[in-house]
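Visitor: Show me the folded form of this:
(one chain, ligands or ions: 1)
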Amino acid sequence: MDTMADRRRVADRLPTFPWDRLAPHKATAEAHPDGAVDLSVGTPVDSVPERVREALAAASDSPGYPATYGTPQLRAAAADWLGRCHGVSADPAAVLPSLGSKEFVAWLPTLLGLGEGDTVVHPELAYPTYDVGIRMSGAAPVASDGLTALGPAPVRLVWVNSPANPTGRVLGVEHLRKVVAWARERGAVVASDECYIGLGWEGGDPVSVLHPDVCGGSHEGLIALHSLSKRSNLAGYRAAFAAGDQALVDELLAVRKHAGMIMPGPVQAAMRAALDDDDHAREQKDRYAARRTALRGALEAAGWRITHSEAGLYLWAAHPEHDAWGSVALLAEHGVLVAPGDFYGPAGAGHVRVAFTATDERVEAAAKRLRALA
Ligand SMILES: Cc1ncc(COP(=O)(O)O)c(C=O)c1O
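Guide: A predicted model of the protein is given here:
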């Protein structure tokens, strides 16, 4: 009897990991005499702020179990940051720490009890983990930017992501209001991934789904995700939180407690220190602004056209003569590695995503190589 075959393997429901397909181009880029410039993944490269490291170290004697809910000080710091920086009035009781936002994205449909027969909508071009998390739960993913032509299946959850990965697109207040109204009429939850909210470059500051102009002052049915990975270079700490509807937060907390989804105590202390300080975030944003300007100018001079990209950590670039993989190959020959747009959905097949998460020295090297292509 083959009992293995009886299991409904979660792994079988998931797509193959796309980054393996980039390996040959990575090897090409690495063969460049001056070394590769990797603008594909988008991982922070600058130091963790000193005060955050000090807070981590000061909390390192941490023998006991931390609370899944986080310390009251951490939740207060998150609520305070939402108010101070994003005009959102959140009750600290409606804040829930997560181990980075990726795990929260991946598990949210499951933790909300979704499964077979349920539909979850995510953006057409999107961070792949929305699709993965929906499939893990057994629900059906629908990749769509519009909500009007979705068919009869009950939509339980709608993901929005503004500023967006990979396009850098920002959804305005009106757009978000319509999503919230549509979802509330149907009893669907809106999960808004706002992990790039502090990185607006053009067209004004991105707005949270929890902002009163969007939600009318009520957080009912809404959950917003925030991450310290990019704002404070804390991708290695796994520091993020969700905030919004108190009933949803209570429900998720109840499950996460049982499941051991607990942020380590020293990370809670470090995250609080990061949330309490805006100076380091401003400095980091300035670094990214300079890198963005350098890469944008060099890409445009070499024939790529930038679309959206008004916020976030990426340039969304298309070349009139090359599709996504053609651009990847050409840039790799010049020692620059970027991500093909179809990693994020078929609609990205004409674009590449260029991250500006590399050191000033590597960004300057990439700009120089691009200018030579012009
Ligand atoms: C749209 C989006 N959401 C969530 C994440 C996960 O970030 P983290 O788990 O580091 O908080 C990322 C990471 O790049 C992302 O691009």
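Visitor: residue ranges of the strands in the protein, please?
Guide: For the chain, applying DSSP state E gives strands covering 37-38, 95-98, 119-122, 140-143, 155-161, 189-193, 222-227, 240-244, 305-307, 314-318, 336-337, 339-340, 351-355.
Visitor: In the chain, mark out all the helices, start to finish.
Guide: 3-6, 23-30, 50-58, 72-86, 101-111, 129-137, 173-186, 212-215, 246-259, 265-275, 279-301, 324-333, 360-373 (DSSP state H).
Visitor: for the strands of the chain, which one sits closest to the ligand?
Guide: Set against the ligand and scored by Cβ to the nearest ligand atom, these come closest in strand 222-227, at 3.2 Å. Using the backbone N, CA and C atoms, a C-beta is placed for each residue, glycine as well.
Visitor: one step back: just name the most buried of the helices of the chain.
Guide: Across the helices of the chain, the average number of neighbours (mean count of other Cβ atoms under 10 Å) peaks for helix 265-275, which reaches a mean of 24.
Visitor: gap between that one and the chain center?
Guide: The chain centre lies 20 Å from the centre of helix 265-275; the measure is Cα atoms, centre = their mean, to the nearest Å.
Visitor: Check whether that helix comes near the ligand.
Guide: No: against the ligand, helix 265-275 shows no contacts by Cβ under 6 Å from any ligand atom, the least distance being 11.3 Å.
Visitor: Report all helices and strands that that helix contacts.
Guide: Contacts defined by 3 or more Cβ pairs under 8 Å, 6 or more residues apart in numbering; DSSP states H and E place helix 265-275 against helix 50-58, helix 72-86.
Visitor: Okay, angle between the shortest one and helix 265-275 too, please.
Guide: I take that to be helix 50-58. Helix 50-58 and helix 265-275 are oriented at 160 degrees to each other (axes from the mean of the first three to the mean of the last three Cα atoms, to 10 degrees).
Visitor: List of residues touching helix 50-58?
Guide: Helix 50-58 is contacted by residues 232, 234, 237, 266-267, 269-270, 272-274, 277, 280 when judged by Cβ atoms under 8 Å, 6 or more residues apart in numbering.
Visitor: do the last one as well
Guide: By Cβ under 8 Å, 6+ apart, the surrounding residues in contact with helix 72-86 are 69, 88-95, 97, 197-198, 207-208, 210-211, 226, 241, 243, 268-269, 271-272, 275-276, 278.
Visitor: One more pass at 7 Å, please.
Guide: 88-92, 95, 97, 197-198, 208, 211, 241, 243, 268, 271-272, 275-276, 278 (Cβ atoms under 7 Å, 6 or more residues apart in numbering).
Visitor: Spell out which residues of the stretch 151-300 of the chain are next to the ligand.
Guide: 161, 165, 193, 195, 227, 229, 235, 240.
Visitor: which regions of the stretch 51-200 of the chain lie under the pLDDT threshold?
Guide: Across the stretch 51-200 of the chain, not a single residue meets the criterion (pLDDT under 70).
Visitor: mind running it again at 90?
Guide: The stretch 51-200 of the chain contains residues with pLDDT under 90 at 146-154.
Visitor: circling back: same list (the helices and strands packed on helix 265-275) but as TSV, adding distance to the ligand.
Guide: Formatted as TSV, these follow (distance: least, Cβ to the nearest ligand atom, whole Å):
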stretch	distance to the ligand
helix 50-58	15
helix 72-86	14
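Visitor: and V142, how many neighbours does it have?
Guide: The burial count assigned to V142 is 18, neighbours taken as other Cβ atoms under 10 Å.
Visitor: is it in a bridge, and if so with what?
Guide: V121 (DSSP bridges).
Visitor: which residues touch it?
Guide: Counting by Cβ under 7 Å, 6+ apart, V142 touches 119, 121, 150.
Visitor: measure it to A153 for me?
Guide: 8 Å (Cβ to Cβ, to the nearest Å).
Visitor: Residues that sit against both of these two, list them.
Guide: Joint contacts of V142 and A153 (Cβ under 7 Å, 6+ apart) are T119.
Visitor: before we move on, the earlier item: name the member of the residues of the stretch 151-300 of the chain next to the ligand with the most neighbours.
Guide: D193 (30 neighbours).
Visitor: That one against N161, yeah?
Guide: Yes: D193 lies in contact with N161 (Cβ atoms under 7 Å); the separation is 4.3 Å.
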